[in-house]
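A.B. asks: My questions concern the predicted model and sequence given below.
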Amino acid sequence: MQQKFQPVGPEYFDDQDRDYAVVAGIELVNALRRLGVDLEGIVVSAPCDRCSSVGYVLDLGPVEPAQALKMAATINSYAESNRLREPSSPLPKRQRKRRAKNLNATL
């Protein structure tokens, strides 16, 4: 007896692992853009049979050394200015040592 197959819709091709990688990529690109860094060539790549990765990966695209240095400088500058804006922890208060009253003192 032949099995009867039901029609499929677009959800048949859904790939939750890829969707997760896309969402992660969107978050990364938007976070970097807020810092003034743009990764134009970022793509989501499927798992490869020869790779050590078993899931989808974000390929950051072709980044020339000069671009990498500029991006690193932008990120480092932001990180440094952010660090300088953080309130420093207050120094512990110095305790004053009280002098013991001389009980033998004369008036």
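C.D. replies: Looks like it came in fine. Residues are numbered from 1 along each chain as shown.

A.B. asks: would you list every one of the helices in this protein?
C.D. replies: Remark: helices assigned in the chain by DSSP state H are 16-34, 65-85.

A.B. asks: Low-confidence ranges, this structure, go.
C.D. replies: Under the criterion pLDDT under 70, the flagged ranges of the chain are 88-107.

A.B. asks: what residue is smack in the middle of it?
C.D. replies: Nearest to the mean C-alpha position of the chain, by C-alpha atoms, centre = their mean, lies Leu28 at 7.0 Å.

A.B. asks: still on that earlier bit, redo the helices of the chain as CSV? Include distance to Cys48.
C.D. replies: For the C-beta atoms, the positions are set from N, CA and C on the backbone; glycine is no exception. Shown next, in CSV, are those (distance: least, C-beta to C-beta, whole Å):
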stretch, distance to Cys48
helix 16-34, 14
helix 65-85, 24
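
A.B. asks: Show me which of those has the highest average neighbour count.
C.D. replies: helix 16-34 (a mean of 13; mean count of other C-beta atoms under 10 Å).

A.B. asks: The residue nearest to Leu58 when sequence neighbours are not counted and Lys4: what is the separation?
C.D. replies: Leaving aside its chain neighbours, Leu58 sits nearest to Gly25 (5.0 Å; criterion: C-beta to C-beta, 6 or more residues apart in numbering). Here the criterion is C-beta to C-beta, to the nearest Å. By it, Gly25 lies 40 Å from Lys4.

A.B. asks: ditto for Phe13
C.D. replies: Separation of Phe13 from Lys4 (C-beta to C-beta): 21 Å.

A.B. asks: and what of Ala66?
C.D. replies: With C-beta to C-beta as the criterion, Ala66 and Lys4 are 61 Å apart.

A.B. asks: what's the answer for Asp17, then?
C.D. replies: Asp17 sits 30 Å away from Lys4, taking C-beta to C-beta as the criterion.

A.B. asks: quick one: contacts for the nearest residue to Tyr78 once chain neighbours are set aside?
C.D. replies: Leaving aside its sequence neighbours, Tyr78 sits nearest to Leu35 (C-beta to C-beta, 6+ apart; 5.1 Å). By C-beta atoms under 8 Å, 6 or more residues apart in numbering, the residues touching Leu35 are Thr74, Ile75, Tyr78.
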